[in-house]
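**Q** predicted coordinates and the sequence they were generated for:
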Amino acid sequence: MGLREKKAQKVREAIYDAMLTLVERHGYDAATVEQVAEHAEVGISTVYRYFENKDAILLDPIERNVTRLADLFRTRPDDEDVAVSLGSVVHSALDLDAATRVQLRRLRTQLSHAPGPRARLWDFLHRQRLLLEDAIAERSDRGALWNSAAAHLTTMIISMASNHAHDCPDDSTPADYADQVIAILHGADSPLPRRQH
C-alpha cells in the first residue's frame with residue numbers, strides 16, 4: 001500500500017469512527033454529515049468523496065468486506081473437500097482481533113436502532129451469500145441447490161456466531177460457538193427439519 005492509499009485509508013477510518021461515535025452519542029437520525037466532517041476534522045466534500053450518504057459511512061466495514069467469504073473460499077486448495085473448505089471459511093471469517101470484535105459489536109448495537117442502514121445491511125449480506133455461492137459452484141461438482149444450501153448454511157453459522165458474540169459476550173470465541181453449531185447440525189440430534197415419510 002502506497003503513501004496515498006495509506007492516507008486515504010486513515011481519512012476513511014476517521015470518518016467512520018466519527019460517524020460511529022456520533023451515532024452512539026446522539027442516535028443515527030440526529031447525526032449529520034456536517035457533524036461527521038467536523039468530528040473527523042475533514043471537509044464535507046471529503047466525506048462525500050468517500051461516501052455517498054450516512055448509511056454508506058456506517059456500513060463501510062461491511063461493504064468493504066462483501067467479497068471476503070468468497071475470497072477466503074477461493075484461497076483454499078482446489079482438491080480440498082468443499083465442506084472442509086467452508087469450515088475453514090467460517091473460522092477465518094470469525095477469527096477477528098479483539099479491537100475489530102469491539103468495533104463490530106458497537107456497529108451491531110447501532111444497526112439495531114437504525115432501520116435504514118439495517119435494511120441496506122440485508123442487501124450486503126445477500127450479495128455476500130451469492131458471491132460465496134458462485135465461488136462454491138466453481139469448485140463443486142454438485143448441483144445448484146447443494147451449492148445454494150452450502151452458502152446459506154455457512155452464512156447462517158457465521159451470523160449465529162456473530163449474534164452470540166454480540167448478545168452474550170462470554171469467554172467463548174465466535175469460532176468456538178460456530179464449532180458448537182456445526183457439531184449440532186452434524187449430530188444425531190440435528191435440528192434440521194425432516195419430513196416424515
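**A** Yep, it's here.
**Q** assign the residue nearest the centre of the chain to helix, strand or coil.
**A** Taking Cα atoms, centre = their mean, the centroid of the chain lies closest to Ile62, which sits 5.0 Å from it. Secondary structure, DSSP: H, G, I helix; E, B strand; the rest coil: Ile62 is helix.
**Q** show residues contacting the helix or strand bottoming out on mean pLDDT in the chain.
**A** Least confident helix or strand, the chain: helix 98-111 with a mean of 86, by mean pLDDT, DSSP states H and E. By Cβ atoms under 8 Å, 6 or more residues apart in numbering, the surrounding residues in contact with helix 98-111 are 20, 23-24, 28, 58, 61-62, 96, 117-118, 121, 162, 165-166, 169, 174. No exception for glycine: its C-beta is placed from N, CA and C like everyone else's.
**Q** among these, name the buried ones.
**A** Using 16 or more other Cβ atoms under 10 Å as the burial test, those include 20, 23, 28, 58, 62, 96, 117-118, 121, 162, 165-166, 174 as buried.
**Q** CSV for those, including distance to Arg108, pLDDT and secondary structure?
**A** Converted to CSV, those look like this (distance: Cβ to Cβ, whole Å; pLDDT from 0 to 100; DSSP: H, G, I helix; E, B strand; the rest coil):
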residue, distance to Arg108, pLDDT, secondary structure
Leu20, 11, 94, helix
Val23, 12, 94, helix
Tyr28, 13, 93, coil
Leu58, 11, 93, helix
Ile62, 10, 90, helix
Leu96, 13, 85, coil
Pro117, 11, 91, helix
Arg118, 10, 89, helix
Leu121, 10, 91, helix
Ser162, 8, 88, helix
Ala165, 9, 76, helix
His166, 5, 74, helix
Pro174, 12, 87, helix
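**Q** great, nothing more from me.
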